[in-house]
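In: just need the structure, nothing else, for what follows:
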Amino acid sequence: MQYDVITATSPAFSIRVKAGVTLAAAVSPYVMNVDCTDAVTAVSSTFTQPVLDKPPTFVSGIPGNSPDVSDDNVIATSLGKFTTTDPDTTCSVTLPVTTVYEIRKVASPTDPQKPDFEVWISNAVTQASIDFNDPPVSLTLTIKWNNRNVLNDITGTFNVNIVDSPPVFTALPATGTNIFDGLKHATETLHTFSVTDSDDAVNCSARVPENALFEVIAGVASRFTINVNEGGTLRAANGPYVINVDCSDGDNDVTATFTQPVIDTPPSFVSGIPGSSPNVSDSTVTQMLLGKFTTTDPDTACSVTIHHRV
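Out: A predicted model of the protein is given here:
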């Protein structure tokens, strides 16, 4: 029962709404049967009470903004909460037309007469199913409050701030194992690392001037290798080589380093040593070429040590 009949100054009575009840315009008008008796005769009549729909208003949260939400953490994420003044309110996102965002009614609001709603990224959304850089954020949602009476429908805006998360390195920075210096006759892989990004393709390269000797090659999925270029010559005197690796997802640039130690290659004779000169006449010995030999190390310096016969 929403109403009470209260005795006033005789013979008057008053009809009052009970405290704590909720009247809904959707079931209006309310028709009350009033029964009276003087203990001998009973009479009945009716009282009809129209109830108008109360236009909702925003208590808090609209217009509103979500916090910055990383695009690698978008699955079933709550973006914010707002409150209205009408318990009959239902809400939905009307612009843009999207299944990405949804409105959820809070089951137990602090004040039942002021329902709370939350803006959520839908459970159906994954990083693979939406590019949060298109359209550019922040994205303004138009949220419509349906109040059963279309004349009392209201709209508000809520800004969604999805930010692009930068790529993340795995296995960089790092230091490689020792390699020998000298001319590299073939490409040699020094290190493998990964770069992950929730929703963007990533490109990586070795920075100038290290790219003259080293290269970064994309492998399977998010894996990359750091290689010595074929034909490059490494020198132990210049080691260790520090290679700056730059990666980008088109919006964010990240950098890490790879350090490659280089040790001196012990020289060895390829040809000509041991060796002998041709027979040379002692009359033609001034500045004469006696022979040639080859070593394996471009850093090699050679000198002659004369052993005298006793």
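In: quick one, domains of this structure?
Out: Residue ranges for each domain of the chain read 3-49, 58-163, 166-310, as given by automatic domain parsing.
In: as JSON lines, these with mean pLDDT and mean neighbour count would be great.
Out: Heads up, the C-betas are built off the backbone N, CA and C, glycines and all. Converted to JSON lines, these look like this (pLDDT from 0 to 100; neighbours: other Cβ atoms under 10 Å):
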{"stretch": "domain 3-49", "mean pLDDT": "84", "mean neighbour count": "10"}
{"stretch": "domain 58-163", "mean pLDDT": "82", "mean neighbour count": "16"}
{"stretch": "domain 166-310", "mean pLDDT": "89", "mean neighbour count": "14"}
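In: which strand or helix spans the closest residue to residue 60 other than its chain neighbours?
Out: Using Cβ to Cβ, 6 or more residues apart in numbering and skipping the chain neighbours, the partner closest in space to residue 60 is residue 83 (5.0 Å). When elements are defined using DSSP states H and E, residue 83 is found to belong to strand 78-84.
In: for that strand, packing partners?
Out: Secondary-structure packing of strand 78-84 (3 or more Cβ pairs under 8 Å, 6 or more residues apart in numbering; DSSP states H and E): strand 58-60, strand 64-65, strand 116-121, strand 154-160.
In: quick one: the last one to strand 78-84, angle?
Out: Here strand 154-160 points in a direction 160 degrees away from that of strand 78-84 (axes from the mean of the first three to the mean of the last three Cα atoms, to 10 degrees).
In: send me strand 154-160 as PDB with only the CA atoms.
Out: Output of strand 154-160 as PDB, limited to C-alpha atoms (Å, rounded to 0.1, in the frame of the first residue of the first chain):
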ATOM      1  CA  ILE A 154      18.400  13.300 -21.800                       C
ATOM      2  CA  THR A 155      21.900  12.800 -23.100                       C
ATOM      3  CA  GLY A 156      25.400  13.500 -21.800                       C
ATOM      4  CA  THR A 157      29.000  12.900 -22.900                       C
ATOM      5  CA  PHE A 158      31.800  10.800 -21.500                       C
ATOM      6  CA  ASN A 159      35.300  10.900 -22.900                       C
ATOM      7  CA  VAL A 160      37.200   7.600 -23.200                       C
END
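In: partner strands of that strand and their direction?
Out: Strands flanking strand 154-160 in the sheet, each with its direction: strand 64-65 (parallel), strand 139-146 (antiparallel) (DSSP bridges).
In: need the residues that contact the shortest one.
Out: Residues from elsewhere that reach strand 64-65 (Cβ atoms under 8 Å, 6 or more residues apart in numbering): 80, 82, 119, 138, 157-159, 161.
In: and the residues you listed as JSON lines, adding distance to residue 210?
Out: What follows is these, written out as JSON lines (distance: Cβ to Cβ, whole Å):
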{"residue": "80", "distance to residue 210": "46"}
{"residue": "82", "distance to residue 210": "53"}
{"residue": "119", "distance to residue 210": "47"}
{"residue": "138", "distance to residue 210": "39"}
{"residue": "157", "distance to residue 210": "49"}
{"residue": "158", "distance to residue 210": "48"}
{"residue": "159", "distance to residue 210": "43"}
{"residue": "161", "distance to residue 210": "38"}
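In: residue 76 reaches residue 120, doesn't it?
Out: Yes: look at residue 76 against residue 120 with Cβ atoms under 8 Å: they come within range, at 6.9 Å.
In: now stretch 82-96: how far from the chain's centre is it?
Out: Relative to its chain's centre, stretch 82-96 lies at 29 Å (Cα atoms, centre = their mean, to the nearest Å).
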